[in-house]
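> Model the following, please.
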Amino acid sequence: MLAAVSSATLLGVEGCPIRVEVHSGNGLPGFSIVGLPDATCREARDRVRAAVLSSGFKWPRHRVTVNLAPTSMRKAGSCLDLPIALAVLGADGQLDPALLEGVALFGELGLDGSLRRVAGVLPLVGACAEAAVVVPLACAAEAALQRRARVLAAVSLRQAALALDGQERWSEVPKPPPASGRESREDLSEVRGQPLGRLAVEVAAAGGHHLLLVGPPGAGKTMLARRLPGLLPALSREEALEVSRVHSAAGLGLPPGLLVLEPPFRAPHHSASMASLIGGGTTQIRPGEISCASHGVLFLDELAEFPPSVLDALRQPLEDGSLTVCRSRASVRLPADCLLVAAMNPCPCGGDGSPGGCRCSEAARSRYALKISGPLLDRFDLRVGVDRPDVGDLLAEGAGPGETTAVVAERVASARERARARGVGCNARIPGGLLDELAPIDQTARRLLELRLRQGRLSARGMHRVRRVARTLADLSGSDAAVSEEHVLAALALRSEPFASARGAA
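Numbering: from 1, shown residues only. From the prediction side, this is the model:
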């Protein structure tokens with residue numbers, strides 16, 4: 001007898017529909033799974049058998065063959081436990097196979113027949129065209145976010161089988177708690193004595209410009225970076241669904257409202273491998289940190305401590321906003337539209353680079369600077385040196401706090417609105433061919449850029465990035481006119497060469 005049911009498997013951050021076919025026929029008793037299952041799928045044989053017996057059903061005393069179609073694609077994950085178990089019952093005649101038509105099933109089985117939540121429910125449900133999906137109760141509210149199919153929830157294999165047969169009711173899908181306001185983050189008013197750093201963070205948030213902070217330990221680099229997400233606008237519905245889908249596929253926890261409404265902030269350790277940062281894997285392609293930070297901030301602290309090969313792998317995703325991970329059997333496109341913020345010391349000893357404050361030799365400083373390749377450094381629109389704040393600024397009792405995050409966020413939102421009026425999400429995404437139309441500059445500013453280009457102090461790519469930053473500075477000042485020389489000078493000041501002396505010595 002033959003039974004089939006619809007399901008899906010994860011490939012990157014997308015769900016791929018598959019068909020679970022089960023045949024029960026004459027032959028020596030046995031159970032086999034074909035169709036390129038990974039180790040997790042192959043182990044379903046033992047989980048499904050124990051769950052079927054624990055749920056009060058009989059295990060077939062025939063030859064049972066499970067086929068996962070299409071057979072050319074590798075299947076991964078434990079979400080196929082429930083469809084395999086119900087298809088086995090259908091093929092054995094303990095459940096009418098017709099009841100399995102028109103529904104898609106997902107769920108991991110415990111040995112006692114209980115249903116456990118699975119990772120990636122959002123993309124899995126989104127990949128199915130069936131009118132109804134059956135999922136574990138623990139992830140039913142998350143599945144309901146797709147709004148594409150009727151969600152049926154169960155707590156056990158027995159309940160799912162009897163509910164499909166009409167002998168029992170489905171569990172009620174819980175409603176997620178209402179989304180709360182923005183989480184209380186560290187406030188920008190707590191940063192003292194860093195006017196240039198505060199400006200750089202504001203410009204980065206307003207224009208979506210990648211930011212590199214270089215300075216000695218204790219200068220406030222991490223403090224500034226952690227306050228940047230609070231300046232970004234809240235995510236739109238489409239962006240929130242995309243970020244939530246990526247986090248669901250990566251197995252990350254979702255907020256109480258089950259929808260990520262705030263820009264994510266990811267800060268991987270400098271020992272992160274290329275697969276964990278970029279994405280990939282061998283049997284199952286998973287999204288990396290750069291994908292989990294989409295529409296938010298990816299913060300790389302101690303940038304020079306990351307392996308150079310890992311850092312250089314960021315160059316293409318930062319330029320395109322996405323990346324393609326290719327393996328012998330699959331090619332997966334992953335989102336990578338994030339704001340990169342990096343921080344590092346000026347030299348290995350962590351000194352301020354001055355003759356009396358640095359213990360490193362000139363050769364050591366040169367080697368340290370060369371850990372960051374020129375092409376990667378060119379991806380940073382903003383490169384700012386951060387010095388230790390003045391003692392008077394830190395201990396001044398009469399000085400009031402600086403501008404709060406809420407005040408600066410209003411200016412950022414206004415600048416982003418001006419960018420959207422030009423047809424781009426932020427100024428960093430203005431195409432190079434449309435700069436003259438969307439970000440025109442006056443003659444004085446044009447002559448200044450021409451001089452820098454002729455002197456070899458600016459590349460063509462760098463000129464485009466300076467013009468985008470200058471446009472952001474003009475937007476923050478409330479100007480809709482052509483970019484002036486003042487804004488171009490400020491953009492050039494925010495794009496300093498932090499390792500000029502060390503690279504020259506090398």
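> Contact partners for the spatially most central residue of the chain?
What sits nearest the mean C-alpha location of the chain, by Cα atoms, centre = their mean, is residue 292, with 1.7 Å. Contacts here follow Cβ atoms under 8 Å, 6 or more residues apart in numbering; on that basis residue 292 touches 246-247, 250, 252, 264, 266. Heads up, the C-betas are built off the backbone N, CA and C, glycines and all.
> and with 10 Å instead?
Residue 292 sits next to 13, 243, 246-247, 249-250, 252, 264-266, 268, 279, 286, 298, 334-336, 338 when contact means Cβ atoms under 10 Å, 6 or more residues apart in numbering.
> Strands - which of those land there?
In strands, defined here by DSSP state E, the members of the contacts of residue 292 are 265-266, 279, 286, 298, 334-335.
> ok, of these, which one's closest to residue 157?
residue 286 (27.6 Å; Cβ to Cβ).
> Next, work out how far apart the closest one and residue 8 are.
Going from residue 286 to residue 8 by Cβ to Cβ, to the nearest Å gives 16 Å.
> Among these two, which residue is more densely surrounded?
residue 8 (27 against 23; other Cβ atoms under 10 Å).
> Tell me which other helices or strands whatever helix or strand that one lives in touches.
In the assignment (DSSP states H and E), residue 8 maps to strand 2-11. The helices and strands touching strand 2-11, judged by 3 or more Cβ pairs under 10 Å, 6 or more residues apart in numbering; DSSP states H and E, are strand 14-25, strand 63-69, helix 81-91, strand 103-105, helix 121-126, strand 132-136, helix 237-250, strand 331-335.
> what's the offset of it from the middle of its chain?
27 Å (Cα atoms, centre = their mean, to the nearest Å).
> angle of that strand against strand 63-69?
Using axes from the mean of the first three to the mean of the last three Cα atoms, to 10 degrees, the inter-axis angle of strand 2-11 relative to strand 63-69 is 40 degrees.
> ok, and for strand 2-11, which residues are buried?
Buried residues in strand 2-11, defined by neighbour count with 16 or more other Cβ atoms under 10 Å: 3-11.
> Flag the shaky bits of the stretch 401-506 of the chain, pLDDT-wise.
401, 498-506 (pLDDT under 70).
> Next: the stretch 51-200 of the chain.
In the stretch 51-200 of the chain (pLDDT under 70), the answer is 177-185.
> tell me the SS of residue 384?
strand (DSSP: H, G, I helix; E, B strand; the rest coil).
> ok, back up a step: may I see the buried residues of strand 2-11 organised as CSV, with distance to residue 218 and pLDDT added?
Below are these laid out as CSV (distance: Cβ to Cβ, whole Å; pLDDT from 0 to 100):
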residue, distance to residue 218, pLDDT
3, 66, 93
4, 63, 94
5, 60, 95
6, 57, 95
7, 53, 95
8, 50, 94
9, 48, 92
10, 43, 90
11, 45, 87
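> now, which of these sits nearest residue 64?
residue 3 (10.6 Å).
> Is it correct that the closest one is in contact with residue 65?
No. Using Cβ atoms under 10 Å, residue 3 is not in contact with residue 65; the gap is 11.6 Å.
> Tell me how far residue 465 lies from residue 239.
With Cβ to Cβ as the criterion, residue 465 and residue 239 are 24 Å apart.
> Who has more neighbours out of these two?
residue 465 (23 against 19).
> quick one: residue 121 and residue 248 touch, right?
Yes. Proximity of residue 121 to residue 248 meets the contact threshold set by Cβ under 10 Å, at 6.0 Å.
> and these two? which has more neighbours close in?
For residue 121 versus residue 248, neighbours defined as other Cβ under 10 Å are more numerous around residue 121 (32 against 27).
> can you tell me which residues contact the more buried one?
Shown in contact with residue 121 (Cβ under 10 Å, 6+ apart): 10, 15, 79, 106-107, 133, 135-136, 138-146, 151, 245, 248-249, 254, 258.
> Would you mind writing the PyMOL command to select the buried ones in these?
Buried residues within the contacts of residue 121, by 16+ other Cβ under 10 Å, are selected in PyMOL with:
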select buried, resi 10+15+79+106+107+133+135+136+138+139+140+141+142+143+144+145+146+151+245+248+249+254+258
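> hmm, back to that, could I get the pLDDT score of the residue nearest to the centre of the chain?
Looking at residue 292, its pLDDT stands at 95.
> Can you tell me how far it is from residue 229?
13 Å.
> Find the residues that touch each one of these two.
264-265.
> shared neighbours, residue 121 and residue 248?
With Cβ under 10 Å, 6+ apart as the test, residue 121 and residue 248 both reach 10, 139, 142-143, 145, 254, 258.
> of all the residues you listed, which comes closest to residue 163?
residue 143 (15.9 Å).
> I figured the closest one was touching residue 122, is that so?
Yes. Using Cβ under 10 Å, residue 143 makes contact with residue 122 at a distance of 7.3 Å.
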